[in-house]
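> Prediction below, plus the sequence it came from.
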Amino acid sequence: MRYAIIADIHANLAAFMAVLVDIERRGEADEVWCLGDIVGYGPDPHQCIELLRQTNHICVAGNHDLAAIGEVDTYEFNPDAVAAIRWTAKQLTTQDIAYIKNLPQVIEKDEFTLVHGSPRQPIWEYILSISAAKENFAYFKSKFCLVSHSHVPLIFKYGKTGSCSFNQFSPNKELSLGVERLIINPGAVGQPRDGDPRASYAIYDNETRKINLYRVPYDIAATQAKMVEQRLPLRLVARLSHGV
Ligand code: ZN
């Protein structure tokens, strides 16, 4: 079976469509694993939920998804994110809201635990440091954990001696699953923040037990034009050009 691992679509329909085309081009996926933040920041929240729902998928809730339906507070959001969430809330249909409301915070599937933030705090915690990763290995039972939220593709490895290390997850580095426990971040589809503006996602093949990361160019200007038209914050528009 082949699984496409996607995260942080952030209402960027052009990026999401480019990723789905890329998945198909590489031989399709039996299931899509989505790590949350379908909406927020971008100009097409309803369309992205609709498109995701047309795929055979599982999905956990992200902080922006829950904020858009009023389930979590936005006090930890910066002013641009709050403005985008207020706009997003007005775009969602009753079905979109019901769909988000039903998203679990944690999914256990095969050898993986799926969360948006971290296994310790599925909605809010960022795993960007070795110390945060090390502590979080105690909060999931499966061998591997998939996280997103930081929009940075990373692999944290828990060594036999209890040490922890990390590597950037890049397209030319195939990840072979072995005996060591890992926390893996596939990067963001709709708002990359690692300096590469191309959409990021991964494919996991459970026969070869390998995970590959892919970067996909998409029509950034098309998404930006829609954001300007909807008067979404200009800082959010600009950052898509640079992947920051
Ligand atoms: Zn996000």
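Received it, and whenever you're ready, just let me know what you need.
> ok, now which ones touch Y218?
Contacts for Y218 (CB atoms under 8 Å, 6 or more residues apart in numbering) come out as N12, A14, A15, M17, A18, V19, R198, A199. From N, CA and C alone the C-beta is placed, and that goes for glycine too.
> what's the answer for Y204, then?
So Y204 contacts R2, Y3, I5, W33, K210, I211 (CB under 8 Å, 6+ apart).
> List the beta-bridge partners for the first one.
Beta-bridge pairing of R2, defined through DSSP bridges, involves D205.
> pretty sure it contacts I203?
Yes - contact criterion CB atoms under 8 Å: R2 and I203 qualify, at 5.9 Å.
> So the two - more neighbours on which side?
Per other CB atoms under 10 Å, whichever of R2 and I203 has more neighbours is I203, with 21 against 16.
> and that one, how far is that from the ion?
Distance of I203 to the ion, given as CB to the ion, to the nearest Å: 21 Å.
> Tell me if I am right that that residue is in a strand.
Yes - assignment of I203 by DSSP: H, G, I helix; E, B strand; the rest coil places it within a strand.
> Just the pLDDT for it.
Here, the pLDDT recorded for I203 equals 98.
> now swap in N172 and tell me
82.
> what about it, how many neighbours?
N172: 6 neighbours (other CB under 10 Å).
> Kindly report the same for the one 4 residues further on.
One way to gauge burial is a neighbour count; for S176, by other CB under 10 Å, it gives 8.
> beta partners for it?
Beta-bridge partners of S176, as defined by DSSP bridges: K210.
> For whatever helix or strand V21 lives in, name the packing helices and strands.
Applying DSSP states H and E as the criterion places V21 in helix 13-25. Helices and strands touching helix 13-25, as assessed by 3 or more CB pairs under 8 Å, 6 or more residues apart in numbering; DSSP states H and E, comprise strand 2-6, helix 45-53, strand 199-205, strand 210-216, helix 220-229.
> Test my guess that I97 contacts L66.
No - I97 lies out of contact with L66 (CB under 8 Å); the separation is 10.9 Å.
> between the two, who's got more neighbours?
A direct count of neighbours by other CB under 10 Å for I97 and L66 places L66 higher, at 23 against 16.
> How about the more buried one: what's its closest non-neighbour residue?
Nearest residue to L66 in three dimensions, chain neighbours excluded: V72, at 4.3 Å (CB to CB, 6 or more residues apart in numbering).
> show me what contacts G190?
Counting by CB under 8 Å, 6+ apart, G190 has contacts D8, I9, H10, A11, N12, A15, F16, Y41, G42, C48, A199.
> For the last one, list each beta-bridge partner.
Applying DSSP bridges to A199 gives these bridge partners: V216.
> Does it touch L213 like I think?
No - using CB under 8 Å, A199 is not in contact with L213, being 11.2 Å away.
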